[in-house]
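> Fold the following and give me the result.
(chains A and B)
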Amino acid sequence: MGPPADAASYYGRPVLKAPVWEWGTAAYLFTGGLAAGTAVVAAGADLVGADRLRRACWLGSFGALLTSVGLLIDDLGRPERFHHMLRVAKPTSPMSMGTWLLTAFGPGVGAAALWELLPVRWRSSWPARLLRRLSRVVGLTSAVTAPGVATYTAALLAQTAVPGWNEVRGELPFVFAGSAAASGGGFGMLAAPPAEARPARVFAAVGAAGELVASRVMEQRMGLIREVYHQGAAGRRRRAAELLTLAGLAGTVLAAGRSRAGAAASGIALLTGSALQRFGIFEAGVASTKDPRYTVVPQRERLDAAARGAGLSG
Amino acid sequence: MTSRELAAPPDALARANGYEAPPPRVGFFTDTSVCIGCKACEVACKEWNHVPDDGLDLLGMSFDNTGMLGANSWRHVAFVEQQRPLGNQDPGLTGLPTGPSGLDHTSEVVEARLRTAPRGGSELGTTPLPTAPGGGAVQDLGMPTFSRPGEGSGPESRTDFRWLMESDVCKHCTEAGCLDVCPTGALFRTEFGTVVVQQDICNGCGYCVSACPYGVIDRRPGDGRAQKCTLCYDRLHDGGQPACAKACPTESIQFGELDELRERADRRLAELHGQGVPEAQLYGRDPDDGVGGHGALFLLLDQPEVYGLPPAPVVPTRFAPQIWRRVGAAAAAFALAAVGAFGSVVIGDRR
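Residues are numbered from 1 along each chain as shown, chains lettered A, B, ... in the order given. A predicted model of the protein is given here:
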């Protein structure tokens, strides 16, 4: 069903401002999810004694976290004022909540990664043993905040006037949670031997399946904005993301337990799929701000429906 | 007036934001039916607030070469040309060079240019549009000229034609999306009930830009901070009125206490309806609308979208409880998947 092509506008000019966020914010949606996904895999691996999986995932989480912070600061208009985020804690601002989630999440990942980076010959010294004890505790607190880090970015996008993000507010958190789990598990499969990586495979498979289902449900419920999710770069990335995630899921279930190469290929497919999903959703939202129809038509329909309702009751 | 409105004192919004003895809430009433499109408001605003140049460009939007509100345009005068049947009464146009408007022709050219701009044309008011691909071939849009539409032709080619002009401005919403999402506290509610960016705090995160359902606030390139109308906060402190209202020669822009402006808007609407202008409507007058009503009301002569305004915007903050419930459920599912993944391994090993 096509939209009314003659929806009134001012010379076709957009009603909304297109987001000023650039590719860095889209990339952060992926790296933030990856940092959270690998942190829970690392903490779990620590608890069940899977040493190589633990080491790889703490280092992966730390790398993703550092990248995330760099991307976020770089996308500010005044990067040298990044610490102004720490002036207030505002429940009405998902970005403020995210700042504090990352502040709670970061130190544990940092401490755990620091211990993993210590040369083996120093590990028996007492400061190193103290760091190990400390990092186990704060590493676990990071794993507790990780689900928040993996999903709050959905609130960040949904609580905007951007039609392509606001109108998928019901499903976006589940897409992002699944995408983060798939990328975290996928990283574990890529970086650790298959014998140790079974929990990473289960986590990745559940995440990938969840993401695929949530993404399909999201598309089913879309109105006019379905267009921006199908057209252009956003449409291409979302189609590629679905194929890669599906392939990664199949590889995880069928091949990743038996061969290192199969595990690595599946992990790479899941990571790439997760990244493309984030870029696709980000770009679909940006595209939805550039055409006034996506803002005006749903609002006009709501007004008309309300007027009809009032006419019937009155 | 509803009893709820009568019960709310004019400084209720400021009191709700922690001011103890605030002055009454103030705002604008922009009556577009008397706007003559002189752009004195745009100029006065730029001069008083030191708002820099937003780029010289001829947009082809009738006499509007600003295009949109933005970081470097805190007032924007919209020009709409309409071919519109005026009914059987004498429209008073006899002998006047009216219509046809250039709207259909110009819209095609303008829209094509907007679509190729990096931000879809929403950069207007902040930066100029890039030159069209193909070296910026000169296209004669017929505008702006010194002659009136249809002046060169005889009476036989005349059509019913009207011009709508509207001076747009930040709405200073009762429930302001930009203020709610600001993670630094740079955006704040003043004692006058207006919404202002503290320039020494803003770090240019850009969240407010996407949270505004009217496309008003934007980040200034080169400066990096978010910028918008302050309702001349500095002038209010000295008991003055905003520069745009002071400069308006037809009192299309009226400044005052919001309660009084609402009454004035209601009276003007009734007057116009009585004079046979049924299309006149108030925009932002209703305290029960999606943003809790505007601090800056408008009287429009067509639907809001014709002026580039959203017809029924809702502040994104209203969705926050729903969004966080879903985020909570998704986070729980994520945690459960992790616990399940490692739990299944432990159980599997014990067998």
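
> and residue A:309, how many neighbours?
Residues near residue A:309, counting by other Cβ atoms under 10 Å in any protein chain shown, number 10. For glycine as for every other residue, the C-beta is placed from the backbone atoms N, C-alpha and C.

> and it, that one's in a strand?
No - counting by DSSP: H, G, I helix; E, B strand; the rest coil, residue A:309 is located in no strand; its state is helix.

> Identify the residues contacting the residue of chain B found nearest chain A.
Using Cβ to the nearest Cβ, the single residue of chain B nearest to chain A is residue B:204, 1.9 Å away. Contact analysis of residue B:204 by Cβ atoms under 8 Å, 6 or more residues apart in numbering or on different chains lists A:76-78, A:81, B:219, B:224-226.

> again, 6 Å this time
A:76-78, B:219, B:224-225 (Cβ atoms under 6 Å, 6 or more residues apart in numbering or on different chains).

> Ok, residue B:126 next?
Taking Cβ under 6 Å, 6+ apart as the criterion, residue B:126 is in contact with B:70-72, B:218.

> ok, which of those residues also contact chain A?
On the criterion Cβ under 6 Å from any Cβ of the partner chain, residue B:218 are the entries of the contacts of residue B:126 that sit beside chain A.

> Inside strands: which ones of the contacts of residue B:126?
Members of the contacts of residue B:126 lying in strands (criterion: DSSP state E): residue B:218.

> what's the farthest-apart pair in the contacts of residue B:126?
B:72 and B:218 (8.2 Å; Cβ to Cβ).

> neighbour-wise, which of these two wins?
Applying other Cβ under 10 Å to residue B:72 and residue B:218 shows that residue B:218 carries more neighbours, namely 29 against 21.

> Mind pulling up the pLDDT for the more buried one?
Note for residue B:218: predicted pLDDT of 97.

> now it, which residues is it bridged with?
residue B:227 (DSSP bridges).

> Spit out the contact partners of it.
By Cβ under 6 Å, 6+ apart, the residues touching residue B:218 are A:17, B:70-71, B:126, B:209.

> so residue B:310 makes contact with residue A:15?
Yes - assessed by Cβ atoms under 6 Å, residue B:310 is found in contact with residue A:15 at 5.1 Å.

> what do these two both touch?
The contact sets of residue B:310 and residue A:15 overlap at residue A:295 (Cβ under 6 Å, 6+ apart).

> who's more crowded, the two?
Between residue B:310 and residue A:15, counted using other Cβ under 10 Å, residue A:15 has the larger neighbour count: 28 against 22.

> now the more buried one, what's its secondary structure?
Under three-state DSSP, residue A:15 comes out as coil.

> Nearest spatial neighbour of residue B:317, chain-adjacent residues omitted?
Counting by Cβ to Cβ, 6 or more residues apart in numbering or on different chains, residue B:317 lies nearest to residue B:180, which is 4.3 Å off, once chain neighbours are set aside.

> Tell me how many other residues surround the one you found.
Neighbours of residue B:180 under the rule other Cβ under 10 Å: 23.

> Is chain B within reach of the lengthiest helix in chain A?
Selection of the longest helix in chain A by residue count, based on DSSP state H, yields helix A:126-158. Yes - counting by Cβ under 6 Å from any Cβ, chain B is contacted by helix A:126-158 at A:147-148, A:150-151, A:154-155, A:158.

> which one among those residues gets closest to residue A:238?
For the residues of helix A:126-158 next to chain B, the nearest to residue A:238 is residue A:154 (15.8 Å; Cβ to Cβ).

> residues in contact with the closest one?
A:172-173, A:176, B:327.

> same deal with residue A:168?
By Cβ under 6 Å, 6+ apart, residue A:168 lies in contact with residue A:218.

> Next, give phi and psi for it.
Per-residue torsions, residue A:168: phi -110, psi 20 (degrees, to the nearest 10).

> Next one: it from residue A:174, what distance?
For residue A:168, the distance to residue A:174 equals 10 Å [Cβ to Cβ, to the nearest Å].

> Make sure the residue of chain B closest to chain A is indeed in a strand.
No - counting by three-state DSSP, one finds residue B:204 to be coil, located in no strand.

> Chain neighbours aside, what residue packs nearest to it?
Using Cβ to Cβ, 6+ apart and skipping the chain neighbours, the partner closest in space to residue B:204 is residue A:77 (1.9 Å).

> One more: residue B:114?
Using Cβ to Cβ, 6+ apart, the closest residue to residue B:114 is residue B:121 (3.2 Å).

> got it, and residue B:306?
In space, residue B:306 is closest to residue A:8, 5.1 Å off (Cβ to Cβ, 6+ apart).

> hang on, the one you found in a strand?
No - checked against three-state DSSP, residue A:8 lies outside a strand; its state is coil.

> tally of neighbours for it?
Residue A:8 has 19 nearby residues by other Cβ under 10 Å.

> and the gap between it and residue A:132?
As judged by Cβ to Cβ, residue A:8 and residue A:132 stand 66 Å apart.

> still on that earlier bit, was I right to think the residue nearest to residue B:204 contacts residue B:224?
Yes - in this structure, residue A:77 is within contact of residue B:224 by Cβ under 6 Å, at 2.9 Å.

> Toward the C-terminus, what is the element adjacent to the longest helix of chain A?
helix A:163-166 (DSSP states H and E).

> Show me the contact partners of that following helix.
For helix A:163-166, contacts defined as Cβ under 6 Å, 6+ apart pick out A:157-158, A:160, A:225, A:228, A:284-285, A:288, A:294-295.
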